[in-house]
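J.: Sequence plus predicted model, see below.
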Amino acid sequence: FSVEKGDVLLGIAPLAVNEGEFGLLAVGHTGTELLEFNWHQFAAATIEADRDEIADLLKRWTEKWKFKGINNVEEFDWNAVNVAEQLVDCNRLVFAQALETLLLQKRDEVLRNKMKEAKDNSHMSSGLKRLMNTLNLKDRNNSGTEEVFIDNLLFMACAAVGQSKKITIVPSYGLKKNNPESKDLLGDIARASQIRIRQIILKDTWWKEDNGALLAYREKDGQPVALLPISPTKYTLYDPADGSQVVVNSTVADTIKAQAYTFYRPLPAKVIGYKDLLRYLVDGIWKSDAIAVLAMGILGGMLGALTPIVTGIIFDRVIPDGERLLLTQIGFLLIAIAVTTFAFNLTRSFAMHRIEGRTEADLQAAVWDRLVSLPVPFFKDFTAGELTGRAMGISQIREILSGAVSNTMISGIFAVFYFILLFYYSWKLALICTLIVGIVMAISILFGYLQIRYERQLIDLNNNLSGKVFGLLTGVSKIKTSGAEKRAFNNWARDFSQVRDVTYRKENLGNKMAVFNSTVTIIATGIIFFAMINLKGVNLGAGKFIAFNSAFSSYLGAMLEISGVILQLNIIKPLYERTKPILETLPEFDQEKVDPGELEGNIEVSHVNFRYQPEGSLILNDVVIDIEKGDYIGIVGPSGSGKSTLFRLLLGFEKAESGQIYYDQQDLDNVDIRSIRRQLGVVLQSGQLMSGSIFDNIVAANPGLTIDDAWEAARMAGMEEDIKNMPMGMHTMISEGASTISGGQKQRLLIARAIISRPKIIYFDEATSALDNKTQKIVSESLAGLGATRVVIAHRLSTIANCNKIFVMDKGQVIEQGSYQELFDRGGMFTQLVKRQLA
């Protein structure tokens, strides 16, 4: 603790214990002056000086010890005659208790470090087992589950689905502890595996469609099964009870419940680069589709090469000799080639459609899963509209990659066949054609690079415009209130005109490029005519020349297609740069962090220091708070004292510079923060309702909660009657921003959402500021009935009169603690805050 100017600072004799000898050490600030006097002088002063003044000094001295949790200091009477004798006993008492508290904290810290070391050793052992298993091919090719056998049908079915979708499925905390009882075991497994799941409905002939691997349940007994696709149009049913697999048909489908679950494959929890993104996309496609695209491209290229050959035969033999029968045969051949080429292209298109559909569905879900899994500080640097643009940029990259790979593959195959055909007819003309194509591609690529400059500008401008439009739309009521419609329109028009200006210049360049591409074929054909006439050793008949020219036109078109693909790939770079913050920021959890299990409600803040900027001042300075399960704790203090920042640390939104936060003696840095938050009920100052029904807002998309649970939560929050009086009751729609309900109703809905799952710990940051006294009483009684640990930030101090303990904060430090009455009687900052409100 600290002493101020005019206080007394008493020395205490060192105390020897098993851990060593301990004493008090005082460290003064710059300029501090001490007036030193010995014990005999002080004892004499207690007799000669004003006894009330001495008593006040000693009382302030012992109050500081009491604030630090030292008991029984109030039993000393500093107005008595034997002050000196009492002081010796008091100092001995407080120092012994303080030392005992310190040693207990050190022992707890040692115990926690040992537990942490044991967990680290467990992780090391697990890692070594994985390395050893790489020598066992059977184990290595098994499902990506943990090296532990879990005898649970639901987990085994999930593991089968995970193996099919290349997702690592790990057992939940309860399954690891051989305790499968859970209200939401599937949700627990999904959370442990860090994946998202969604309920779907199996309808019509679902087993003939490509829906990916699914988790389903038997209609008869509700036993979980895995529906595993073996081709884009065929499923097998895997029964984990006996390990059997049967092909799904209409009879088997009738034995399965209509409700099933699909699993979404997440992006790896690491920095994502080009190769990682491409690998993720490749892992999600059928090999048969990729083979079909390649095979159809090769066959299509071979058939395409027949067309120039057949054209040459027509002009060399059929027309000069008048062979009508041969012409008829060639006509049927060309029709067959056209029909076959159409069939090949149709098959390739279906395969590409499946590839793009699967990759788009997987990638979109993975990107948004990644986005919502990022740490809270990440979102401070971007607007909602800007983040939307950055997230959609990943889909644009996917479109370019899938289109580029397909087009390059097909155009490349076609170009090879046409290139061979050119050399078959005339190697001299073929060399000239190669030179022409090289020049044309160089010019096309040059045009493309000029366009990319505009593409980069458009990406930035469009994203900025999207962010501005989103901000204007969400703040339209404020714009109308302040009469700023014209200024808002002017801001939008300025940015939009920049977009249109760059778009015009880009399209103008594109038009010039289109003109060049349309004329280059004519120019190239003229060059070939000139070369054929003037080059020695080139002797092509009319038919062969027409065939050669046809092959060259097709070759040129294929190469121009490849040059366009190269340009498209260059657009990926600016898109990737926009999405880098999302792909390179790591999620706030990793698989090495353990599940904390079910919380009891104990919280410890141990010597926490925090600042928002490395060079900034401390926002929290050596904060120590100990909360036991079931406690009702109030945190008060003037604005800027660090109350809300403390909440952000307790919720894992920020990380402490030093010190630790413990939930049930588990370090917050070493456990899965999502499992912690799932057991918390939180209402923050900035809490918002989402657009949707009241029911959706209260249950917050939790599939395990029913409308009865929502009504019970509304009753506990004092909102039941209000909802019943609304037009559609629990299904009344609320607009984004909750402009259709009052501030008090909004707060009560947020409270209902926080307590519906009966959390073990409740955090309220000014959560009842808009409630009247009657509603405040209903909410307080409901919360008390939950038996949860409650931590409340309050500016209206009358709302925390019943707290077990109140912590008073100022300038990032806890300066007072105690019950409401104790703090009020003490005459410190809390007393000033109360009197200020009473006045």
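T.: Looks like it came in fine.

J.: Could you find the closest non-adjacent residue to the most centrally placed residue in the chain?
T.: In the chain, the residue lying closest to the centroid (C-alpha atoms, centre = their mean) is Ser373, at 1.9 Å. Sequence neighbours aside, Pro587 is the residue nearest to Ser373 in space, at 4.0 Å (criterion: C-beta to C-beta, 6 or more residues apart in numbering). To be clear about C-beta, it is placed using only N, CA and C from the backbone, and glycine gets the same treatment.

J.: Count the neighbours of that neighbour for me.
T.: 20 (other C-beta atoms under 10 Å).

J.: That one contacts Leu371, correct?
T.: No: Pro587 sits out of contact with Leu371 when judged by C-beta atoms under 8 Å, with a separation of 9.8 Å.

J.: Could you point out the helix or strand that follows the lowest-mean-pLDDT helix or strand in the chain?
T.: Every helix and strand in the chain was compared by mean pLDDT, DSSP states H and E; the lowest is helix 137-140, with a mean of 37. Where DSSP states H and E defines the elements, the next helix or strand beyond helix 137-140 is helix 153-165.

J.: What is that following helix packed up against?
T.: Where contact means 3 or more C-beta pairs under 8 Å, 6 or more residues apart in numbering; DSSP states H and E, helix 153-165 is packed against helix 185-192, strand 214-217, strand 224-231, strand 259-264.

J.: Swap in 6 Å and give it another go.
T.: strand 224-231 (3 or more C-beta pairs under 6 Å, 6 or more residues apart in numbering; DSSP states H and E).

J.: what's the offset of the strand it packs on from the middle of its chain?
T.: How far strand 224-231 lies from its chain's middle: 29 Å, per C-alpha atoms, centre = their mean, to the nearest Å.

J.: same thing with stretch 249-264?
T.: Using C-alpha atoms, centre = their mean, the offset of stretch 249-264 from its chain centre is 30 Å.

J.: Sort out which residues of it are buried, please.
T.: Within stretch 249-264, the residues scored as buried using 16 or more other C-beta atoms under 10 Å are 252-253, 256, 260-264.

J.: same question, stretch 821-837
T.: 823-824, 826, 828-830, 833-834.

J.: What is the burial count for Pro596?
T.: 20.

J.: In contact with it, which residues are there?
T.: Residues near Pro596 by C-beta atoms under 6 Å, 6 or more residues apart in numbering: 666, 671, 675-676.

J.: what's the most distant pair in these?
T.: Greatest spatial distance in the contacts of Pro596: Gln666 and Ser675, 10.4 Å, computed using C-beta to C-beta.

J.: Tell me where the model's unsure across the stretch 151-300 of the chain.
T.: 151, 173-174, 176-182 (pLDDT under 70).

J.: What are the boundaries of the helices in the stretch 401-550 of the chain?
T.: Under the criterion DSSP state H, counting those that start in this stretch, helices of the stretch 401-550 of the chain are mapped to 427-474, 476-481, 485-534, 542-584.

J.: Report the angle between the first one and helix 485-534.
T.: So the one you mean is helix 427-474. Angle, helix 427-474 to helix 485-534, by axes from the mean of the first three to the mean of the last three C-alpha atoms, to 10 degrees: 180 degrees.

J.: Now Leu556. Nearest residue, chain neighbours left out?
T.: Nearest one to Leu556, counting by C-beta to C-beta, 6+ apart, is Val437 at 5.7 Å.

J.: List the buried residues for stretch 579-587?
T.: Applying 16+ other C-beta under 10 Å to stretch 579-587 flags 579, 582-583, 585, 587 as buried.

J.: Go ahead and confirm Pro224 touches Met156.
T.: No: if you go by C-beta atoms under 6 Å, Pro224 and Met156 don't touch, sitting 8.1 Å apart.

J.: Gln660 and Val624, how far apart?
T.: 11 Å (C-beta to C-beta, to the nearest Å).

J.: Likewise for Ile400?
T.: For Ile400, the distance to Val624 - C-beta to C-beta - is 54 Å.

J.: Likewise for Ala292?
T.: Taken as C-beta to C-beta, the span from Ala292 to Val624 is 66 Å.

J.: who's more crowded, those two?
T.: Ala292 (20 against 17).

J.: could I get the buried residues of stretch 579-587 as a markdown table with distance to Trp427 and pLDDT?
T.: Output for the buried residues of stretch 579-587, formatted as a markdown table (distance: C-beta to C-beta, whole Å; pLDDT from 0 to 100):
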| residue | distance to Trp427 | pLDDT |
| --- | --- | --- |
| Thr579 | 48 | 85 |
| Ile582 | 52 | 88 |
| Leu583 | 49 | 87 |
| Thr585 | 56 | 88 |
| Pro587 | 59 | 86 |
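
J.: Correct me if wrong: Ala351 contacts Ala290.
T.: No: with contact defined as C-beta under 6 Å, Ala351 does not count as touching Ala290 (7.7 Å).

J.: Which one's more surrounded, these two?
T.: More crowded of Ala351 and Ala290, by other C-beta under 10 Å: Ala351, with 23 against 17.

J.: which SS state does that one fall under?
T.: helix (DSSP: H, G, I helix; E, B strand; the rest coil).

J.: Equivalent analysis for Arg358, please.
T.: Arg358 ends up helix, using three-state DSSP.

J.: and it, what does it touch?
T.: 284-285.

J.: State the helix or strand in which the residue nearest to Ser373 lies.
T.: Counting by DSSP H and E, Pro587 is part of no helix or strand.

J.: Distance-wise, check it relative to Lys811.
T.: 34 Å.

J.: again with Gly564
T.: 63 Å.

J.: and if you look at Val779?
T.: 31 Å.

J.: In terms of neighbours, single out the busier of the two.
T.: Neighbours were counted for Val779 and for Lys811 using other C-beta under 10 Å; Val779 has more, 24 against 15.

J.: any idea whether the more buried one is helix, strand or coil?
T.: Per three-state DSSP, Val779 ends up helix.

J.: Quick check: the gap between it and Gly744.
T.: 11 Å.

J.: what's the first-to-last distance across stretch 631-651?
T.: 18 Å (C-alpha to C-alpha, to the nearest Å).

J.: chain center to that stretch: distance?
T.: Relative to the centre of its chain, stretch 631-651 is centred 26 Å away, using C-alpha atoms, centre = their mean.

J.: can you start the count at 321 instead of 1 from here on
T.: Shifting the count to begin at 321 puts that one at stretch 951-971.

J.: For that stretch, buried residues please.
T.: Those would be 951-957, 961-971, for stretch 951-971 by 16+ other C-beta under 10 Å.

J.: out of the helices of the stretch 721-870 of the chain, deepest packed?
T.: helix 862-904 (a mean of 19; mean count of other C-beta atoms under 10 Å).

J.: For that helix, which helices and strands make contact with it?
T.: helix 607-633, helix 704-745, helix 747-794.

J.: helices or strands next to the longest one in the packing?
T.: Okay, so that is helix 747-794. helix 704-745, helix 805-854, helix 862-904.

J.: I'd like the ones you listed written out as TSV, with distance to Thr421 added.
T.: TSV is the format used below for the helices and strands packed on helix 747-794 (distance: least, C-beta to C-beta, whole Å):
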stretch	distance to Thr421
helix 704-745	47
helix 805-854	59
helix 862-904	45
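
J.: Which among those is found nearest to Gly593?
T.: helix 862-904 (7.7 Å).
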